[in-house]
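S.K.: structure, please.
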Amino acid sequence: MFEKILVAVDGSTHSQNAARIVGEMAKTYGVKKIYVVVAFEPIPTYLGEPNLQVVIDARLAEANQILAEGLAILGQVPCEVITEILEGPSADAIIEVAAIRSVDLIVLGSRGRGQLAGLLLGSTSQKVVGHAHCPVLVTR
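M.R.: Below you'll find the model as predicted:
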């Protein structure tokens, strides 16, 4: 079935559900490798020093915290877990790493917008669904 799964986490309730689902899939379906990915938007270089380094440090600390929470929710799984922190537009980073790692499935959370929250996918989820090379599971 799915041997390599990428799960994208961003700290939202929806992405936490994605991590939980991937953990259960790993225990049930014999997944061999899980990539847990956090992506953050590029940092503008015009900030200059020392402001640029302060922002980089803050983003990395936040990404590491989100990653730690995602791993805790994923739980103990009977397979290899690889973590990655990526800089770039989230959807593009997820699609690119999924292609490079040749994953079989991408799992990520959905974020509704506005009054139609239950009907619309978030922009990241929508772009990943539309451009990924493999199946995408979007959770709520």
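S.K.: helix or strand for the closest residue to Gly11 other than its chain neighbours, which one?
M.R.: Leaving aside its sequence neighbours, Gly11 sits nearest to Ile66 (Cβ to Cβ, 6 or more residues apart in numbering; 4.4 Å). For glycine as for every other residue, the C-beta is placed from the backbone atoms N, C-alpha and C. Secondary structure assignment for Ile66, by DSSP states H and E: helix 51-74.
S.K.: same thing with Ile82?
M.R.: Ile82 belongs to strand 80-87 when assigned by DSSP H and E.
S.K.: who does the helix or strand following that strand touch, helix- and strand-wise?
M.R.: Sequence-wise, the next helix or strand downstream of strand 80-87 (DSSP H and E) is helix 90-100. Under the contact criterion of 3 or more Cβ pairs under 8 Å, 6 or more residues apart in numbering; DSSP states H and E, helix 90-100 touches strand 4-8, strand 33-40, strand 80-87, strand 105-109, helix 123-131.
S.K.: who does the strand holding Ile82 pair up with?
M.R.: strand 33-40 (parallel) (DSSP bridges).
S.K.: so what touches the partner strand?
M.R.: 3-10, 19, 22, 26, 59, 62-63, 66-67, 70-71, 74, 77, 79-90, 93-94, 97-98, 101, 103 (Cβ atoms under 8 Å, 6 or more residues apart in numbering).
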